[in-house]
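**Q** here is a sequence together with a model predicted from it:
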There are 4 protein chains.
Amino acid sequence: MSLTAPLRGVVPPVCTPLDSGGEVDTASLGRLVEHLIGGGVHGLFALGSTSEVAYLTDEQRATALETVVDVADGRVPVLAGVIDTTTARVVEHAKSAKGLGADALVATAPFYTRTHGKEIAGHFRRLRDTVDLPLFAYDIPVAVHSKLSASLVRELAEDGTLAGLKDSSGDEGGLRRLLVELGGREGRAQGPTPLFSVLTGSELTVDAALLAGVDGVVPGIGNVDPAGFVRLYDAARAGDWERAAKEQERLTDLFAMVDAGPEADMGRSSSALGSFKAALRLLGVIECGDTAFPQIPLSAESLVLVARRLRAAGLPPVR
Amino acid sequence: MSLTAPLRGVVPPVCTPLDSGGEVDTASLGRLVEHLIGGGVHGLFALGSTSEVAYLTDEQRATALETVVDVADGRVPVLAGVIDTTTARVVEHAKSAKGLGADALVATAPFYTRTHGKEIAGHFRRLRDTVDLPLFAYDIPVAVHSKLSASLVRELAEDGTLAGLKDSSGDEGGLRRLLVELGGREGRAQGPTPLFSVLTGSELTVDAALLAGVDGVVPGIGNVDPAGFVRLYDAARAGDWERAAKEQERLTDLFAMVDAGPEADMGRSSSALGSFKAALRLLGVIECGDTAFPQIPLSAESLVLVARRLRAAGLPPVR
Amino acid sequence: MSLTAPLRGVVPPVCTPLDSGGEVDTASLGRLVEHLIGGGVHGLFALGSTSEVAYLTDEQRATALETVVDVADGRVPVLAGVIDTTTARVVEHAKSAKGLGADALVATAPFYTRTHGKEIAGHFRRLRDTVDLPLFAYDIPVAVHSKLSASLVRELAEDGTLAGLKDSSGDEGGLRRLLVELGGREGRAQGPTPLFSVLTGSELTVDAALLAGVDGVVPGIGNVDPAGFVRLYDAARAGDWERAAKEQERLTDLFAMVDAGPEADMGRSSSALGSFKAALRLLGVIECGDTAFPQIPLSAESLVLVARRLRAAGLPPVR
Amino acid sequence: MSLTAPLRGVVPPVCTPLDSGGEVDTASLGRLVEHLIGGGVHGLFALGSTSEVAYLTDEQRATALETVVDVADGRVPVLAGVIDTTTARVVEHAKSAKGLGADALVATAPFYTRTHGKEIAGHFRRLRDTVDLPLFAYDIPVAVHSKLSASLVRELAEDGTLAGLKDSSGDEGGLRRLLVELGGREGRAQGPTPLFSVLTGSELTVDAALLAGVDGVVPGIGNVDPAGFVRLYDAARAGDWERAAKEQERLTDLFAMVDAGPEADMGRSSSALGSFKAALRLLGVIECGDTAFPQIPLSAESLVLVARRLRAAGLPPVR
């Protein structure tokens, strides 16, 4: 399914269910894709950070992407993360993703190595020139330890390198400045980059981001409650900001599941991913809630906390 | 003017005008206070970061606070920053501020030294016990290099240590979580801390923060355009979120003046403070736009950029 | 005692003993100064980070400095920390320190506010011009969150602004580059800044720093074992690097006392300062081991660990 | 060549020469290996950060490692970097490296994802269990943004998971503490981990690190002047610390070539790697000095600076 217009709406980063041996559980992944499309989402982002892309081998990445593309079957566009340290490696992932039927690519700045704005610009341009798919820049300083500057994003938007931005920087003020520079809530469609799509990855301030003029959201916890985010998005599109905010509050409360794993025993990232997968298992969507090695599994106590959050948000576990 | 209810509305951090010798220009400061109150603000925050408190001697701090209290003359409450490295030093500022008539205190976590949540809790409790004024916690990691955790803020709100929070952390997702934990948009008045006031210092996302349920805003650029922030606040209170967002966009555009000073030649902080003061001078509010030493002054070119931003925002310079 | 030659040798940052009410215990401080001079140290650094300067009121700072100067009585030079956020405040401390008889000043870059190299240069120059005492730059990024660049230090050394550098940056490679640029182990006396003194605050690599050509060391744990550092220094001066390294190993082992306080319960800084003071109390030098509020006191268990480290290093507690 | 004793001496991270098309230039790489072995080095570290491993595709990595192993031909051991985000991906590189004849593996903590000490321990253990080669932990926070704690390294040394540590953390104080905990300069051979090898990657403080008891060094600029580092190492082994320090000073001066590229135009990493490769080209060792895309090439002016540094260090360019 090609992207003929700017991408808009709810585009969850699709979790990658694993079996107890650590391999991609394609049956569970298929059910998850149906769960998401059934919830009304507008696109799917495979192989993102929430998909545990950094933990998957190239073969596992291919299996996961292929499954998402096959099950989505053109009903919604599929964006594919092409996450690796630098250009040559990212290009290889991009070629693979195109071969597997992805509709767009999502790439970060170089990481592991220290980088520079001029290098990052070259990186995105080379990638766009080499693999002919719409390209989204993924701004995620917590993972890559550099921030895409607003001026760089604008430059790459205006020259057609980028089809969009996935902003997971957490810098909502900076995002607002970018949106205003691109023309603002009313002017963007008439501005210099009418097709450029801005998606926020900040799942706790989606109402706010939509009020500020973003086109859509990539919510990790949207795996658990896609319909909630779709309701939020629809309320915002209808100008019913009070309802959007109320829905956001419910989702924020649900999101507190990410604290289920005690900080002393595991990373924040493992705790968050583990809680999403635990919730999907409790909801009967996926078979096994394991995160990829070497992440520490949630304890039985943590699972109780996840179940409690589900119930409180009106999503009772089925097992 | 005592704070009998939770503080709400627009509470700008009052710039401290200096004369060409670097001393507090009380006449200009008086005019600035009138400019702010005339713009409809609901409170004044003296001796904050935007007031260049870190650059002022104790005597200059007293002069500035005294002037603000005198000119405000009970029309709006005056909060006083008591910014210093650790408890004993902060207590001295707090006693001075109380003596000068401040209505409330605003204190950060300890800085310069490395600190810890337990120490920070002790710090705020000792301060509240020693000087009998409502106390606001000032969460500003960019200055003090630690972040107040949501659990710490809640604990100190619930036991009555804190009357409020000024959140300049830039962590809008974390702020949303705190607001939801405190009862959310509708539940806070019925929640455990009905009088606890949450103010955001993130001046580019005020519409969003109000939608999320904050009580007010402490905008640095509110020195330049207090009436704009009051309009934004009033629109939000009236539920007219589209109008609030539109006003926010205008203010975001105006805020771009902070980039006037070239990064290679000066700090971001000097550039922002210098542009605010330059704007106030161009608007005829203050006499001299100098920032405190050793900050680098804006160049003539930068001043042209500031003037341009003022004009674009409908605030034409008068000189 | 004026500094007529570059400062060399062991210059401990003098702890500030407090009584149980939190006030400076001048009797204990006097005994500590005798302990240090008796150990053979070549200078004293009062009001440094290890002196808990950030926790002391101006009056307490004056009491501490006055005591150190009086008891030292010209036997060794006394350097005074003038630690505050920006120039005007630092100048006030500098004037006070000069009035109290300090032989030199030690100042950091501005903090709390974000700063810039050009501002830092202006800061040191203004300070040097305003108060006529030799000036040491204190490079301590862990506290002030900016790093003095080698080029800035060289510039200020060559134009006579700085009499020396106290390097607590932990960047031993950067320090080596600076030393080589200043002429290296053999060339410095003939170089552009023959009187410029480089002191390291990295107390675990003093042998290495002396091998690299530093003039001296400012060791926090030198409060506990000044004679050990003097032996290390003397061995290095005599070219007996094996002996220097062996002494450094013993001191490194002793230094492990800083881990006595459990990280979950207190900051690293409180744990380190608390262990130094606990050791001084156990050695009978000071009366009370309390650190300044709001630091968390060491537990009884932690005190046992400190005593064990003392014994292992051949410094048996006397109580 | 199997590692039957702890690795000691000079083990440069071998640059990966590229041709003008960006492919591995195996002829130049072969000459570089001869240059290094001819300079007397004791081992070779292929596919490290200085080898631009993060820029090489899997195929290019294999080509580079194969070339180094073939040309080394058992004269010195070859360590292979297995640099990737998490365990499953690293295991694949490790299997490939073993197949290509590497004598040992060098792996970092997980990166891109946020991680935790318990996860890191699991990561190294799984890797050691899965691929039977001696394993070195690569502590490089500037790249992976977490630091290996001393207690973790000790635990993994004592249980036999790790054969050694390559410390590029820049934390010389922490390294000293680790060495003392492992038994110190004299006790390590009798300590709990007699075969554990500690190598420093801090190339400006090698004399200091050897004085502290490290077993060897992995110097990036050792590509340019391997014989210099061998002389430094031999002087230290002979206890001639003055000569070691003098050699270190010459190498520190040579190292200043890394500043050749102007910071405004390129990253620090590109400037350093570019200067090493430019120097190797000027010395006639490799054919083309290009760094991998998207790194910015050094300008003609920068190349002049590199040539000047070579001449000053007694290594005159041959072209």
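**A** It's in. Every value quoted in this text rests on a predicted model; they were computed, and no experiment measured them.

**Q** residue ranges with poor pLDDT in chain A?
**A** Chain A contains residues with pLDDT under 70 at A:1-2, A:4.

**Q** closest residue of it to chain B?
**A** Nearest residue of chain A to chain B: residue A:208, at 3.0 Å (CB to the nearest CB). C-beta coordinates here come from the backbone N, C-alpha and C atoms, glycine included.

**Q** and the helices in the stretch 1-150 of chain A?
**A** In the stretch 1-150 of chain A, the segments counted as helices under DSSP state H, counting those that start in this stretch are A:26-38, A:58-72, A:87-99, A:117-130, A:141-144, A:150-158.

**Q** which parts of the stretch 201-319 of chain A sit against chain C?
**A** residue A:264 (CB under 8 Å from any CB of the partner chain).

**Q** where's residue A:309, which helix or strand?
**A** Using DSSP states H and E, residue A:309 sits within helix A:300-312.

**Q** what residues does that helix touch?
**A** By CB atoms under 8 Å, 6 or more residues apart in numbering or on different chains, the surrounding residues in contact with helix A:300-312 are A:224, A:253-254, A:256-257, A:259-262, A:271, A:274-275, A:278-279, A:282-283, A:298, A:316-317.

**Q** not counting its neighbours along the chain, what's nearest the residue of chain A closest to chain B?
**A** residue B:208 (3.0 Å; CB to CB, 6 or more residues apart in numbering or on different chains).

**Q** and the one you found, that one's in a helix?
**A** Yes: under DSSP: H, G, I helix; E, B strand; the rest coil, residue B:208 falls within a helix.

**Q** who's in contact with it?
**A** A:172, A:205, A:207-209, A:211-212, B:172.

**Q** what's the neighbour count on the residue in the stretch 151-300 of chain A positioned nearest to chain C?
**A** Nearest residue of the stretch 151-300 of chain A to chain C (CB to the nearest CB) works out as residue A:264 at 7.6 Å. The tally of other residues near residue A:264 (other CB atoms under 10 Å in any protein chain shown) stands at 9.

**Q** look up how far residue A:274 lies from it.
**A** 15 Å (CB to CB, to the nearest Å).

**Q** just to revisit the earlier point, quick one, phi/psi of the nearest residue to the residue of the stretch 151-300 of chain A closest to chain C once chain neighbours are set aside?
**A** Nearest in space to residue A:264, with sequence neighbours left out and distances taken as CB to CB, 6+ apart, is residue C:264 at 7.6 Å. Backbone geometry at residue C:264, expressed as degrees, to the nearest 10, gives phi -70, psi -20.

**Q** what parts of the stretch 151-300 of chain A come near chain D?
**A** Counting by CB under 8 Å from any CB, the stretch 151-300 of chain A sits next to chain D at A:265-270, A:292-296.

**Q** any quick ChimeraX command for the buried ones out of those residues?
**A** To isolate the buried members of these in ChimeraX, using 16 or more other CB atoms under 10 Å in any protein chain shown:
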select /A:266,267,269,270,292,293,294,295,296
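
**Q** in helices only, show me the residues of the stretch 151-300 of chain A next to chain D.
**A** Of these, the ones assigned to helices by DSSP state H are A:268-270.

**Q** chain A: strands as residue ranges?
**A** A:9-10, A:44-46, A:78-81, A:104-107, A:135-139, A:164-167, A:197-200, A:216-217 (DSSP state E).

**Q** can I get the helices of the stretch 1-150 of chain A in TSV with distance to residue D:88?
**A** Listed next are these as TSV, based on distance: least, CB to CB, whole Å:
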stretch	distance to residue D:88
helix A:26-38	17
helix A:58-72	7
helix A:87-99	15
helix A:117-130	24
helix A:141-144	18
helix A:150-158	32
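
**Q** of these, which is nearest residue B:186?
**A** Among those, the nearest to residue B:186 by CB to CB is helix A:26-38 (29.9 Å).

**Q** residues of that closest one that come out buried?
**A** For helix A:26-38, by 16+ other CB under 10 Å, it's A:26, A:28-33, A:35-37.

**Q** show me what from chain A comes close to chain B.
**A** With CB under 8 Å from any CB as the criterion, chain A meets chain B at residues A:170-173, A:176-177, A:180, A:184-185, A:202-205, A:207-209, A:211-213, A:239, A:241-242, A:245-246, A:248-249, A:252-253, A:255-256.

**Q** alright, I will stop here.
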